[in-house]
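J.: let's see this in three dimensions:
(one chain, ligands or ions: 1)
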Amino acid sequence: MIALIWAMDENRLIGKDNLLPWHYPKDLQYFKNHTFNQSVLMGDLTYQSLKTYYKTKPLPFKKSYVANINDQDYPDAIHVKDLFQFLKDTQEDIFIIGGKTIYQLSLPYADRLYITYVLQAHEGNVYFPAFDLSKFVLIEKRLEEKLIFSVYERKQP
Ligand SMILES: NC(=O)c1ccc[n+]([C@@H]2O[C@H](COP(=O)([O-])OP(=O)(O)OC[C@H]3O[C@@H](n4cnc5c(N)ncnc54)[C@H](OP(=O)(O)O)[C@@H]3O)[C@@H](O)[C@H]2O)c1
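T.: Sure, this is the predicted structure:
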């Protein structure tokens with residue numbers, strides 16, 4: 001199962017200077033609850049961003065995959081050079097945890113989407129690309145303060 005998990009504001013903003021544009025402890029907790037000890041895939045820039053957050057602490061995942069077109073060794077992650085081959089071949093349950101480029105390329109392979117809608121406009125410079133939810137069905141929706149936690153599943157053909 002391939003799941004994408006992200007938070008975006010009402011303009012689909014997701015990032016600011018390679019960091020999150022906001023601080024919503026409930027969303028961070030939601031992210032941690034879902035991805036703790038799971039296998040995750042992220043782009044190189046998101047990996048660098050997480051490393052500034054975790055510093056010398058180990059990443060809290062079972063296995064971390066990092067997509068990068070350039071050859072690179074990661075001390076605590078597995079390098080994925082060919083993202084499409086990886087997404088086609090993997091037998092693991094994977095959470096795709098960003099960023100914009102990797103979300104965009106992975107969306108056609110997603111079985112499930114965990115979208116946190118931030119009910120406010122923030123400032124930043126990275127946006128989730130326009131996308132079509134018509135191939136997905138909403139299976140969960142929960143409102144908490146200024147956030148809507150929603151889960152979608154791909155419709156069966
Ligand atoms: N709000 C949220 O939920 C959330 C979650 C995560 C991240 N973010 C934000 O998203 C932003 C980062 O997104 P981003 O798009 O700039 O970077 P990114 O998706 O984290 O990383 C892009 C990386 O993917 C590589 N890549 C591109 N195509 C590939 C392919 N076909 N196969 C393998 N690797 C490939 C690129 O390699 P090259 O450099 O060689 O082209 C680049 O290193 C940050 O602001 C971050 O805070 C937000």
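J.: can you map out the helices along this protein?
T.: 25-35, 44-54, 83-89, 100-106 (DSSP state H).
J.: which stretch among those helices comes nearest Gln72?
T.: helix 44-54 (7.1 Å; Cβ to Cβ). (Glycine included, C-beta is placed from N, CA and C.)
J.: can you state the direction angle for the closest one and helix 25-35?
T.: 110 degrees (axes from the mean of the first three to the mean of the last three Cα atoms, to 10 degrees).
J.: and the ligand, is helix 44-54 touching that?
T.: Yes: contact of helix 44-54 with the ligand (Cβ under 6 Å from any ligand atom) involves 44-46, 49.
J.: same check on stretch 11-19?
T.: Yes: against the ligand, stretch 11-19 shows contacts by Cβ under 6 Å from any ligand atom at 14-15, 18-19.
J.: and those residues as a markdown table, adding distance to Val66?
T.: Formatted as a markdown table, the residues of stretch 11-19 next to the ligand follow (distance: Cβ to Cβ, whole Å):
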| residue | distance to Val66 |
| --- | --- |
| Ile14 | 18 |
| Gly15 | 17 |
| Asn18 | 14 |
| Leu19 | 18 |
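J.: out of those residues, which end up buried?
T.: 14-15 (16 or more other Cβ atoms under 10 Å).
J.: out of the helices of the chain, which one sits most buried?
T.: Across the helices of the chain, the average number of neighbours (mean count of other Cβ atoms under 10 Å) peaks for helix 100-106, which reaches a mean of 19.
J.: and the contacts of that helix?
T.: Helix 100-106 is contacted from outside by 2, 4, 6, 14-15, 41-43, 45-46, 67, 83-84, 87, 96, 126-129, using Cβ atoms under 8 Å, 6 or more residues apart in numbering.
J.: one more: stretch 71-90?
T.: By Cβ under 8 Å, 6+ apart, the list of residues contacting stretch 71-90 reads 2, 41, 44, 47, 58-59, 63-69, 102, 105-106, 109.
J.: in strands, which of the residues you listed appear?
T.: When the contacts of stretch 71-90 are checked against strands (DSSP state E), the matches are 2, 41, 63-67.
J.: elements contacting the least confident helix or strand in the chain by mean pLDDT?
T.: The helix or strand of the chain with the poorest confidence is helix 44-54; it has a mean of 94 (mean pLDDT, DSSP states H and E). Helix 44-54 makes packing contacts with strand 63-67 when contacts are defined by 3 or more Cβ pairs under 8 Å, 6 or more residues apart in numbering; DSSP states H and E.
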